[in-house]
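> Quick check, what structure comes out for this input:
(chains A and B)
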Amino acid sequence: QKEVEQNSGPLSVPEGAIASLNCTYSDRGSQSFFWYRQYSGKSPELIMFIYSNGDKEDGRFTAQLNKASQYVSLLIRDSQPSDSATYLCAVGGDSWGKFQFGAGTQVVVTP
Amino acid sequence: ETGVTQSPTHLIKTRGQQVTLRCSSQSGHNTVSWYQQALGQGPQFIFQYYREEENGRGNFPPRFSGLQFPNYSSELNVNALELDDSALYLCASSQDDEQFFGPGTRLTVL
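Next comes the predicted model:
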């Protein structure tokens, strides 16, 4: 059974601090990795994706991928109350569009 | 806004009934995937349609079926509804591995 694991949280982060989210996956054949943000009662929205080992930065967000360790992370710098949401890690397999999601990590940014 | 639309927004059905959910994909996207998201869980892949053909299926029983039309819009049909089918049903359209979700349909089975 292919699995994607995330800490459920909640992860409490002071406003302005860095939030660090982790995700591990079991399928070594996974090729693409995505982070989605989901506000309560809403659908997931794509934050960023990463395909290659290393870091990828987009604004306040940085995704990190280590395929050898089967680990992907998301850093949120200068966290804002509007970042309070559930963050979903998604892993693409051998065919695009068929994602396996983790259960999500709830982030709470406190003023 | 992703350009992916779903209808209806909310739906209440009783156990044993059948339901049809609809999705219009983002312009230019020929692939539609359906997911089920139970409360507190991540989305679970149901199946995917590519150019009107089923292109992969997750661990869901045959009473979950679908269609994709020539304009790439799609339907999800669920027969013999069970209480555990209560969830948010998400449609996602994709191109080149980026996948964008619609707003979802909240299904409640009583």
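> ok, the residue of chain A at minimum distance from chain B - how many residues close by?
Ranked by C-beta to the nearest C-beta, the top residue of chain A for proximity to chain B is A:F101, at 3.4 Å. Yep, even glycine has a C-beta here, placed from its N, CA and C like the rest. Look at A:F101: counted by other C-beta atoms under 10 Å in any protein chain shown, it has 23 neighbours.
> Kindly report the same for A:G54.
Other residues close to A:G54 by other C-beta under 10 Å number 9.
> which residues does the residue of chain A closest to chain B contact?
A:4, A:36, A:88-91, B:35, B:42-44 (C-beta atoms under 8 Å, 6 or more residues apart in numbering or on different chains).
> one more time with 6 Å
By C-beta atoms under 6 Å, 6 or more residues apart in numbering or on different chains, the contact set of A:F101 is A:88, A:90, B:42-43.
> just B:V4 next, same as before
B:26, B:93, B:100, B:102.
> from what I can see A:Y36 touches A:P44, true?
Yes: using C-beta atoms under 6 Å, A:Y36 is in contact with A:P44, at 3.8 Å.
> coming back round to it: please dump the contacts of A:F101 into a markdown table; it should also carry distance to A:V107, neighbour count and secondary structure for every row.
Listed next are the contacts of A:F101 as a markdown table, based on distance: C-beta to C-beta, whole Å; neighbours: other C-beta atoms under 10 Å in any protein chain shown; DSSP: H, G, I helix; E, B strand; the rest coil:
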| residue | distance to A:V107 | neighbour count | secondary structure |
| --- | --- | --- | --- |
| A:L88 | 11 | 26 | strand |
| A:A90 | 16 | 24 | strand |
| B:G42 | 15 | 22 | coil |
| B:P43 | 18 | 30 | coil |
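> With distance to B:N71 as extra columns, can I get these in CSV?
Converted to CSV, those look like this (distance: C-beta to C-beta, whole Å):
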residue, distance to B:N71
A:L88, 29
A:A90, 27
B:G42, 30
B:P43, 24
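> Would you mind putting the CA coordinates of stretch A:81-90 into CSV?
Only the C-alpha atoms of stretch A:81-90 are listed here, as CSV (Å, rounded to 0.1, in the frame of the first residue of the first chain):
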residue,chain,number,x,y,z
PRO,A,81,-2.8,34.6,10.4
SER,A,82,-4.1,34.0,6.8
ASP,A,83,-1.7,31.0,6.6
SER,A,84,-3.9,29.2,9.2
ALA,A,85,-5.2,26.2,7.2
THR,A,86,-4.6,22.5,6.6
TYR,A,87,-1.6,21.8,4.4
LEU,A,88,-1.8,18.7,2.2
CYS,A,89,1.1,16.8,0.8
ALA,A,90,0.4,15.1,-2.5
